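**Student:** The amino acid sequence is not available; the structure is as follows:
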């Protein structure tokens, strides 16, 4: 299903980011080629070294690289991707993408890709039900983004409500299904070696 396929995993700053490590591990065990892109806030929940170790690739965390490394990294990775999954996708991230705002490496990568994008929302139940978030979700679905979850369960605030990020195996299955339906393919150029 995912063997040899180029998958970008985006990580935003939500407590569920720790579960994304299991998703990356699962993708690598199934022999996908994985690159991880993290927002600055995501690095406060899980260190980039965790994802670098699991993916066997340098993790991209900054839109502004040094002069020696500059190669429009978000565009290179966006073109490389056959699929892109964002887990967790916070309310802030959903709003930015729905509004076309690209103010960090992950939003820039998502807006630059032509690959199918899967979003795994995770947030407080009241936030999920907020009319602005629901409007953004509807907008994203109308634009062709796919969603998996959120699920109902115990949240970080101690309540049981909707807003819990779907479990990694469920996200993996949704991603595999999306890849099976995807048309075309990547350029095949490794973001590490292109320039």
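**Tutor:** Cool, got the structure. Source: prediction; values computed, not measured.

**Student:** State the three-state secondary structure for the residue most central in space within the chain.
**Tutor:** Geometric centre of the chain, nearest residue: residue 86, 1.9 Å, by CA atoms, centre = their mean. Using DSSP: H, G, I helix; E, B strand; the rest coil, the three-state assignment for residue 86 comes out as strand.

**Student:** So the spatially closest residue to it that is not a sequence neighbour: helix, strand or coil?
**Tutor:** Closest residue to residue 86 in three dimensions, ignoring its sequence neighbours and counting by CB to CB, 6 or more residues apart in numbering: residue 10, at 3.9 Å. Any C-beta I mention is one placed from the backbone N, CA and C, and that applies to glycine too. Going by three-state DSSP, the secondary structure assigned to residue 10 is strand.

**Student:** got a list of what residue 10 touches?
**Tutor:** For residue 10, the contacting residues are 36-39, 84-87, 89, 106, 109-110, taking CB atoms under 8 Å, 6 or more residues apart in numbering as the criterion.

**Student:** got a winner among those residues for most neighbours?
**Tutor:** Neighbour count (other CB atoms under 10 Å) singles out residue 89 as the most crowded of the contacts of residue 10, with 32 neighbours.

**Student:** in terms of contact, does it touch residue 118 like I think?
**Tutor:** No - with contact defined as CB atoms under 8 Å, residue 89 and residue 118 do not form a contacting pair (9.1 Å).

**Student:** Many thanks, I have nothing further to ask.
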